[in-house]
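[1] Prediction below, plus the sequence it came from.
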Amino acid sequence: MAELGGREPSQVFAQFDRTPVASASIGQVHVARLHSGEKVAVKVQYPGIETIVKTDLGVIRRIFSLLRRFLPDWAGPPSTARSARWLAELDYQHEAAAIRAIAANFTNRKDVVIRA
């Protein structure tokens, strides 16, 4: 609920289709309608995805550690940077901030609408 400013979904959406229309990496996309009547796409994380991602990252780190032990010349991928990117994907507030930054580049365009 923090993503909705502490409000209930019914306070934000007049309608919300529970059947997803698309997959979105660690979530899915639903069609909804705001109380203003505007049709919107809503990205919702899969339940428990944060635990799954953190567990997967831990397993990947252990595998890389073993590979480095047995293949000392192998540098491996920059796991710290990739881990940070994957964890950032869990934060839809961070994603919304990035979308707002992109939207700022299109403020003079009437044919492009971007909202976060």
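    Alright, I've got the coordinates. Note that the coordinates shown come from a computational prediction; the quantities given were computed from them, not determined experimentally.

[2] For the helix or strand where residue 56 lies, what does the pLDDT average out to?
    In this assignment (DSSP states H and E), residue 56 forms part of helix 49-70. Averaging pLDDT along helix 49-70 gives 86.

[3] could you say what helices and strands it packs with?
    For helix 49-70, the contact count by 3 or more C-beta pairs under 8 Å, 6 or more residues apart in numbering; DSSP states H and E identifies helix 79-89 as packing neighbours. For the C-beta atoms, the positions are set from N, CA and C on the backbone; glycine is no exception.

[4] Please point out which parts of stretch 35-53 sit buried.
    Buried residues in stretch 35-53, counted by 16 or more other C-beta atoms under 10 Å: 42-45, 53.

[5] Give me the distance between it and the centre of its chain.
    Computed by C-alpha atoms, centre = their mean, to the nearest Å, the separation of stretch 35-53 from the middle of its chain amounts to 9 Å.

[6] What of stretch 30-50?
    Relative to its parent chain, stretch 30-50 has a centroid offset of 12 Å by C-alpha atoms, centre = their mean.

[7] Ok, stretch 95-113 next?
    Per C-alpha atoms, centre = their mean, the displacement of stretch 95-113 from the mean C-alpha position of its chain is 17 Å.

[8] Contacts for it next, please.
    With contact meaning C-beta atoms under 8 Å, 6 or more residues apart in numbering, stretch 95-113 is reached by 88-89, 114-116.

[9] Put the alpha carbons of it into PDB.
    Extracted as PDB, the C-alpha positions of stretch 95-113 are listed here (Å, rounded to 0.1, in the frame of the first residue of the first chain):
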ATOM      1  CA  GLU A  95      11.300   2.900 -11.400                       C
ATOM      2  CA  ALA A  96       8.700   5.700 -11.100                       C
ATOM      3  CA  ALA A  97      11.400   8.300 -10.500                       C
ATOM      4  CA  ALA A  98      13.200   7.100 -13.600                       C
ATOM      5  CA  ILE A  99      10.000   7.300 -15.700                       C
ATOM      6  CA  ARG A 100       9.400  10.800 -14.400                       C
ATOM      7  CA  ALA A 101      12.900  11.700 -15.600                       C
ATOM      8  CA  ILE A 102      12.200  10.200 -19.000                       C
ATOM      9  CA  ALA A 103       8.900  12.000 -19.100                       C
ATOM     10  CA  ALA A 104      10.600  15.300 -18.500                       C
ATOM     11  CA  ASN A 105      12.400  14.900 -21.900                       C
ATOM     12  CA  PHE A 106       9.000  14.700 -23.600                       C
ATOM     13  CA  THR A 107       7.200  17.700 -22.000                       C
ATOM     14  CA  ASN A 108       7.000  19.500 -25.400                       C
ATOM     15  CA  ARG A 109       5.500  16.500 -27.200                       C
ATOM     16  CA  LYS A 110       1.700  16.300 -27.400                       C
ATOM     17  CA  ASP A 111       1.800  12.900 -29.000                       C
ATOM     18  CA  VAL A 112       3.600  11.200 -26.100                       C
ATOM     19  CA  VAL A 113       2.100  10.700 -22.700                       C
END
